[in-house]
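In: After the sequence you'll find the predicted model.
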Amino acid sequence: MMAKYLLAVCVIAFFVSAVAGGADSSGSKKAEPLGDGFGLAGIDGVLVVPDSNNFWAFKVDSEVSDDRGRIRAGTAIELLPSSTLEHMMADANERSGASYRLWGRVTKYRGKNFVFPTYYLRVGEATVPTPTTPKSLPKRQSGPAVNDPNDILTLPEELMDKLQARRIARSEPAQKESNAAQSGAEAGERKSEVKPDSVLAERTGFLVEQDGGYGLFAPDALGRRVEEESLRLLPCWTLEQAERQQAAEPERIRHKIAGIVTMYKGTRYLLLQRAIRVYSHGNFGR
């Protein structure tokens, strides 16, 4: 009888600890990361300046969720290097505390979410004119008048509050005036335009480990004398899978990859979309 009582107490204690482990300090279920490849379609937030780790983050104003995971409102998500981020940083340096509307792709690497930004707009507060009341009004007849031109159009207070808090997205002008472009000083002050990203497909190469980073992709010419620049790899689920394959093999694995190439501060980065192992069957050198 005593043994059954102790067994029941152990089962209850295990169940309670399991439930508590899946919840945060507020008592709600712990938020799971979003799935790799989830698209951000215009989420509002602010750009957070780099900390000691020297990365930029985007602090979301509202919760973002997919079928399984979610990111709570107020969470700062690390932004991956991209041409869009570089342009966004230049705008943030000129306008401290500005809000933005961001589009991009969510990646997942070792249980952590990142955002690869692809487009953004500045977000500002909309100004709604305050309705004015005429000083004197003509004497009105008793009872409602239909189509009276002297009627005053009034809005409910709830609707006015929503209009006052409404936020509008402001797009950047495509270019400045042509005469400003001719001036060297003004051209130096003008922000550089966003360089379009490119696609790298059906390219064979190796994953190279790198200290303090996520590694490099070194293209392989398969015996030909073709030297190509290595690309820095961005964290994502495809990279994590390729790293697991490489860790299980004693020798280097050749992969055929496809991904998005972007430029950030003069360095080319690669966001992998696909990485398929290629078997040489002894036809190519290691």
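Out: Looks like it arrived, so ask away. Just so it is clear, the model here is predicted, and its values are computed rather than measured.

In: ok, which stretches of this protein are strands?
Out: Using DSSP state E, the strands of the chain run over residues 39-48, 57-60, 64-65, 70-71, 76-79, 99-109, 112-125, 167-170, 198-208, 216-219, 231-233, 254-264, 267-278.

In: check contacts around Leu272.
Out: 217, 233-234, 236, 238-239, 242, 257-259 (CB atoms under 8 Å, 6 or more residues apart in numbering). Placement of C-beta: from N, CA and C, glycine included.

In: Check the gap between it and Gln241 for me.
Out: Using CB to CB, to the nearest Å, one gets 9 Å for the distance from Leu272 to Gln241.

In: With Tyr279 instead?
Out: 17 Å.

In: With adjacent residues omitted, what lies nearest to Lys112?
Out: What sits nearest to Lys112 in space, not counting adjacent residues and going by CB to CB, 6 or more residues apart in numbering, is Pro33, at 6.5 Å.

In: Can you give me every residue that contacts that neighbour?
Out: 69, 71, 108, 111-113.

In: at 6 Å instead, please
Out: Contacts for Pro33 (CB atoms under 6 Å, 6 or more residues apart in numbering) come out as 69, 108, 113.

In: Make sure the second one is actually in contact with Asp36.
Out: Translated: Lys108. Yes - using CB atoms under 6 Å, Lys108 is in contact with Asp36, at 4.0 Å.

In: shared neighbours, these two?
Out: Shared contacts of Lys108 and Asp36 (CB under 6 Å, 6+ apart): Trp237.

In: Next one: Met263 from Leu85, what distance?
Out: Going from Met263 to Leu85 by CB to CB gives 11 Å.

In: more neighbours, these two?
Out: Using other CB atoms under 10 Å, the more surrounded residue of Met263 and Leu85 is Leu85, with 27 against 17.

In: Quick one, grab the pLDDT at the more buried one.
Out: pLDDT for Leu85: 95.
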